[in-house]
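Novice: Mind folding the following:
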Amino acid sequence: MVRAYWVYIMASRSRVLYTGVTNDLRRVKEHKQSLIAGFTQRYRITRLVYFEAYTDIRDAIAREKQIKAWTRARRISLVERRNPSWEDLAEHSFPMARLTP
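Specialist: Just a heads-up that it's a prediction; the model follows:
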C-alpha cells in the first residue's frame with residue numbers, strides 16, 4: 001500500500017493563512033471544527049484552499065518548509081493559480097473532511 005502525505009494551505013474568511021503537512025485528512029476536519037487549540041482555532045482558519053499530494057514524507061516536509069519560507073504574496077499567488085475563488089476544496093476533493101453537524 002502506498003502512503004499518501006499532503007501539504008495543505010487553509011484560510012480564514014479574511015484570508016489569514018496556515019500551511020501544514022499531514023498523512024491523515026482527518027487533520028483538515030479537525031481544523032474545520034476548531035478542535036486544534038492554537039493558531040488555526042484563534043484565527044478561525046477553516047477552509048482548505050490548496051493542497052499537494054506526496055508519497056514520501058521527506059518530500060512533503062521539505063515542500064511545507066519551502067512554502068512557509070515564502071512571502072505572504074507568493075503563498076497567495078500559489079493558492080490563486082489553482083483556486084482563484086478561494087473555495088473550500090474539502091467540500092469537493094475530500095468529502096470525509098467536511099464539517100458535519
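
Novice: And the strands in the chain, which stretches?
Specialist: 5-11, 17-22, 47-54 (DSSP state E).

Novice: can these go into a markdown table with extra columns for mean neighbour count, distance to residue 68 and mean pLDDT?
Specialist: In this view, the C-beta of every residue, glycine as well, is placed from N, C-alpha and C. Shown next, in a markdown table, are the strands of the chain (neighbours: other CB atoms under 10 Å; distance: least, CB to CB, whole Å; pLDDT from 0 to 100):
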| stretch | mean neighbour count | distance to residue 68 | mean pLDDT |
| --- | --- | --- | --- |
| strand 5-11 | 23 | 10 | 94 |
| strand 17-22 | 19 | 5 | 94 |
| strand 47-54 | 20 | 13 | 94 |
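
Novice: okay if I get the ones you listed as a markdown table plus distance to residue 34?
Specialist: A markdown table is the format used below for the strands of the chain (distance: least, CB to CB, whole Å):
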| stretch | distance to residue 34 |
| --- | --- |
| strand 5-11 | 11 |
| strand 17-22 | 12 |
| strand 47-54 | 12 |
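
Novice: now for the ones you listed, which one comes closest to residue 36?
Specialist: Minimum separation from residue 36 across the strands of the chain (CB to CB) falls at strand 17-22, 9.8 Å.

Novice: got a list of contacts for stretch 61-75?
Specialist: 7, 9, 17, 19-21, 52, 54, 78 (CB atoms under 8 Å, 6 or more residues apart in numbering).

Novice: Pull up the distance across it, start to finish.
Specialist: One end of stretch 61-75 sits 16 Å from the other (CA to CA, to the nearest Å).

Novice: And stretch 10-24, by the same measure?
Specialist: End residues of stretch 10-24 are separated by 15 Å (CA to CA).

Novice: in stretch 39-48, what counts as buried?
Specialist: Going by neighbour count (16 or more other CB atoms under 10 Å), the buried part of stretch 39-48 is 40, 43, 45-48.
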